[in-house]
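Enquirer: the following block contains a protein sequence and its predicted model.
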Amino acid sequence: MDSVAPAVRGSARTTSPATSQTDGVQQALELPSPCVLVLVGPGASGKSTWAAAQFPPEAIVSSDRLRALVGSGEDDLAASEDAFSLLDTIVEQRLGRRLTTVIDTLGLDTLKRRAWLEASKRSGVPCAAVMFDTAPSECRERNRQRLRPIPGDALAAQLRKWRGVRDLLETEGFDAVIAASPVRIVPKAFEAASKAARRQLEDPVGLRFGLHLGSYAFAGGPPATRAALRQIATFAEAAGFHAVYVMDHFRQIPQIGRSWEDFLESYTTLAYLAACTDRVRLGALVTGITYRNPAHLAKIISTLDVLSGGRALCGLGLAWHRDEHVAYGWNFPSTAERYLLLEDALQLLPLMWGAGSPSYEGKRITVPEALCYPRPLQAHVPILLGGGGERRTLRLAARYADAANVMGDKDTVRRKAGILQAHLEAEGRNAGDVALTHLSTALVGAHDRHVAEMVERVRPRRSDAARVAAALNAGTVSDHVGRFRELADIGVREVMVRLPDPQDPDAMEQMSKVISAFG
C-alpha cells in the first residue's frame with residue numbers, strides 16, 4: 001500500500017482525503033488486493049453502511065453480527081467477549097488465505113487495533129485504518145432513529161474516546177490512514193495505473209497490440225471450432241489488433257488447461273487465420289525450436305507469408321515442455337543443446353528467405369542448399385525471440401532478432417529492458433533495433449461491477465475471486481490503459497494479450513477502447 005500512503009498521510013482530519021475530483025466526479029482511492037481495512041469511529045458514524053456499499057458481505061467481519069451469532073442478538077453485550085474471540089479467529093484465517101478483510105467494529109480499542117495490525121504485518125498483507133469522523137450531532141441523530149439505540153451515556157463515551165483515537169491513528173504504523181469515502185481494491189498490476197492513464201490521456205504515446213490465442217476448447221467442440229476462430233479473427237481486426245499470435249504446442253499446457261483439451265496445430269491454424277483476415281500480422285508466440293527442422297520451418301513461414309499477403313511473423317523459442325516431447329516420441333535435448341540449435345536457426349532462416357541458395361553449416365544444423373521458393377513477399381520477415389533468459393536468450397535476441405518477448409510484472413520487464421539494452425550495446429546495435437514486447441493476460445471491463453461480473457463468469461469453482469482477478473489482470477479500461485502506458489514508458493513497443501474469452505463481443509469491445517487510447 002506504499003503507493004497510496006503519501007496521498008493520505010497527514011490528512012486525518014479532512015472529510016475525504018482518500019479521493020480526488022476529476023470533472024466534478026469523486027474518484028475512488030485505489031488500495032491493493034489483498035488488504036485489511038480496520039474501521040474506526042464511534043457508534044452510528046456509518047461504518048457498517050459504508051462497508052456494505054463498498055464490499056461483498058463475505059469480506060466484512062462484523063462484531064455486531066458475530067454477537068448475534070454467539071448470543072441473543074447484535075446488542076447482546078454479554079456475548080461480546082466470545083464474539084471478539086471469534087472475530088480474531090476469522091481475521092487470522094482470512095489473512096492466512098490472503099483475502100481482503102474489512103473489520104467492522106468500533107475500532108476504538110488500541111490493543112485490538114494493534115493486534116490486527118500486527119497480524120496483517122505477519123501475513124504480509126497491507127493494513128489501513130478507515131476513519132469515520134462523523135459530526136457528533138449526526139451520530140446522535142442516527143442513533144435516535146435506530147430500532148435499538150445505543151444508550152446515550154455509552155455513545156457519549158464513544159464520542160469522547162474517538163477524539164483521542166483520531167489523533168493516534170497516524171502514529172500507529174498503518175500503511176495508510178484514510179477517511180471514509182469511496183475505495184477500490186485493485187490487483188498489484190494496477191496500483192499505479194490511474195496516474196499512468198492520466199499521462200496517456202494528456203501526453204499519448206503509441207503502442208501496438210497483439211491478440212494471443214492459447215485455448216481452443218470452444219463450446220460445441222470441434223464442429224464449432226472453424227466458426228469460432230473466424231469470429232475471433234473478425235473481432236480482432238475490428239478491435240484494432242496489430243497481430244494475432246498462436247501458441248506452438250501440440251496439446252494444452254498445464255498453465256492453461258488439461259492435456260486432453262482440444263488444441264490445434266499452430267501453423268495450420270495460422271494458415272486458416274490468413275484466409276479469415278485482411279490486415280493483422282500472423283505468427284506463433286513462439287515456435288518451439290525442437291519441433292521442426294529449421295529449414296522446413298523456413299518453408300512453412302514463407303508459405304504463410306505468401307498466402308497471407310506478406311503478413312507472417314517468425315516467433316522462435318527454446319521449447320520447454322518435456323512431457324509434450326515424451327508423449328510424441330521426440331527427443332528433448334539438454335538446454336545447452338537447444339540453445340545451439342536455436343542459434344543455428346536464427347542464422348539459417350534469413351539465408352533460406354534470401355537470395356541465392358547458399359550452403360549453411362552450423363553447430364547442430366547442416367543445409368547444403370538454402371533454397372526456399374516461393375520467397376516470402378516481405379523483403380524481411382521479422383524474427384521475434386521469446387523468453388526472458390538474461391544471459392543467453394536476450395543476448396541472442398540482441399544479436400539476431402527484431403523483437404524480444406518477455407513476461408512478468410513491470411519491475412521484471414524494466415530489468416530485462418536494461419539487460420537487453422546492454423546486450424545491444426555489446427553487439428554494436430542500436431537501442432531501436434530490437435523491439436521489446438510483452439505477453440500477459442487481460443480481462444477488461446467497462447467499470448468495476450462489470451469487471452466483477454466477468455470474473456465470476458470465468459472463475460473456477462472453489463477459487464477466490466480476488467486471486468482470479470489478479471491472475472487475469474482483471475480491471476477497467478482505464479486500469480489497462482494505465483498498465484500498458486507504464487509498460488510503454490519502460491520501453492515496450494508491443495503488448496500481446498490473452499483474453500479469457502476472445503469470443504465475447506463485449507470483452508473485445510472493451511479491449512478495443514484500450515487499443516484506441518494508444519492510437
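Expert: Yep, it's here.
Enquirer: what's near enough to touch Ala465?
Expert: Contacts for Ala465 (Cβ atoms under 8 Å, 6 or more residues apart in numbering) come out as 452, 455-456, 459. In short, each C-beta sits where N, CA and C put it, glycine included.
Enquirer: same question for Arg230.
Expert: Per Cβ under 8 Å, 6+ apart, neighbours of Arg230: Cys276.
Enquirer: look at it and give its secondary structure.
Expert: Put simply, Arg230 is helix when judged by DSSP: H, G, I helix; E, B strand; the rest coil.
Enquirer: now it: how far from Thr437?
Expert: If you measure Arg230 against Thr437 using Cβ to Cβ, to the nearest Å, the figure is 26 Å.
Enquirer: tell me the pLDDT at the residue of the chain positioned farthest from its centre?
Expert: Relative to the mean C-alpha coordinate of the chain, counting by Cα atoms, centre = their mean, the farthest residue is Asp153 (50.6 Å). For Asp153, the model assigns a pLDDT of 95.
Enquirer: tell me the bridge partners for Gly210.
Expert: Ala243, Met496 (DSSP bridges).
Enquirer: am I right that it is in contact with Val244?
Expert: Yes - counting by Cβ atoms under 8 Å, Gly210 does reach Val244; the two are 6.9 Å apart.
Enquirer: shared neighbours of these two, anything?
Expert: Arg281.
Enquirer: please identify which of the two sits among more neighbours.
Expert: Val244 (29 against 26; other Cβ atoms under 10 Å).
Enquirer: how about the contacts made by the more buried one?
Expert: Contact analysis of Val244 by Cβ under 8 Å, 6+ apart lists 210-211, 213, 233, 236, 273, 277, 280-282.
Enquirer: I'd like those laid out as JSON lines, including pLDDT, secondary structure and distance to Pro182.
Expert: JSON lines is the format used below for those (pLDDT from 0 to 100; DSSP: H, G, I helix; E, B strand; the rest coil; distance: Cβ to Cβ, whole Å):
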{"residue": "Gly210", "pLDDT": "98", "secondary structure": "strand", "distance to Pro182": "35"}
{"residue": "Leu211", "pLDDT": "98", "secondary structure": "strand", "distance to Pro182": "33"}
{"residue": "Leu213", "pLDDT": "98", "secondary structure": "strand", "distance to Pro182": "37"}
{"residue": "Ala233", "pLDDT": "97", "secondary structure": "helix", "distance to Pro182": "40"}
{"residue": "Ala236", "pLDDT": "97", "secondary structure": "helix", "distance to Pro182": "35"}
{"residue": "Leu273", "pLDDT": "98", "secondary structure": "helix", "distance to Pro182": "43"}
{"residue": "Thr277", "pLDDT": "98", "secondary structure": "coil", "distance to Pro182": "42"}
{"residue": "Val280", "pLDDT": "98", "secondary structure": "coil", "distance to Pro182": "39"}
{"residue": "Arg281", "pLDDT": "98", "secondary structure": "strand", "distance to Pro182": "42"}
{"residue": "Leu282", "pLDDT": "98", "secondary structure": "strand", "distance to Pro182": "44"}
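Enquirer: how about the strands in the stretch 1-150 of the chain?
Expert: Secondary structure of the stretch 1-150 of the chain (DSSP state E, counting those that start in this stretch): strands at 20-22, 25-27, 29-32, 36-40, 60-62, 101-104, 127-131.
Enquirer: could you tell me the least trusted of these?
Expert: The stretch with the lowest mean pLDDT among these is strand 20-22, at a mean of 40.
Enquirer: and Phe250, what element?
Expert: Using DSSP states H and E, Phe250 sits in no helix or strand.
Enquirer: report how many residues lie close to the closest residue to Leu77 other than its chain neighbours.
Expert: Distance criterion Cβ to Cβ, 6 or more residues apart in numbering; nearest residue to Leu77, sequence neighbours excluded, is Arg67 at 7.7 Å. Arg67 has 24 neighbours, counted by other Cβ under 10 Å.
Enquirer: could you do Arg392 as well?
Expert: 16.
Enquirer: need phi/psi at it.
Expert: With angles defined as degrees, to the nearest 10, Arg392 sits at phi -110, psi -50.
Enquirer: I figured it hits Tyr339, correct?
Expert: Yes - under the criterion of Cβ under 8 Å, Arg392 makes contact with Tyr339 at 5.7 Å.
Enquirer: pull out the buried residues from stretch 50-69.
Expert: 50-51, 54-55, 59-64, 66-68 (16 or more other Cβ atoms under 10 Å).
Enquirer: export those residues to JSON lines and tack on distance to Trp330?
Expert: As requested, those are exported to JSON lines (distance: Cβ to Cβ, whole Å):
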{"residue": "Trp50", "distance to Trp330": "59"}
{"residue": "Ala51", "distance to Trp330": "56"}
{"residue": "Gln54", "distance to Trp330": "53"}
{"residue": "Phe55", "distance to Trp330": "51"}
{"residue": "Ala59", "distance to Trp330": "48"}
{"residue": "Ile60", "distance to Trp330": "54"}
{"residue": "Val61", "distance to Trp330": "53"}
{"residue": "Ser62", "distance to Trp330": "58"}
{"residue": "Ser63", "distance to Trp330": "61"}
{"residue": "Asp64", "distance to Trp330": "63"}
{"residue": "Leu66", "distance to Trp330": "59"}
{"residue": "Arg67", "distance to Trp330": "65"}
{"residue": "Ala68", "distance to Trp330": "63"}
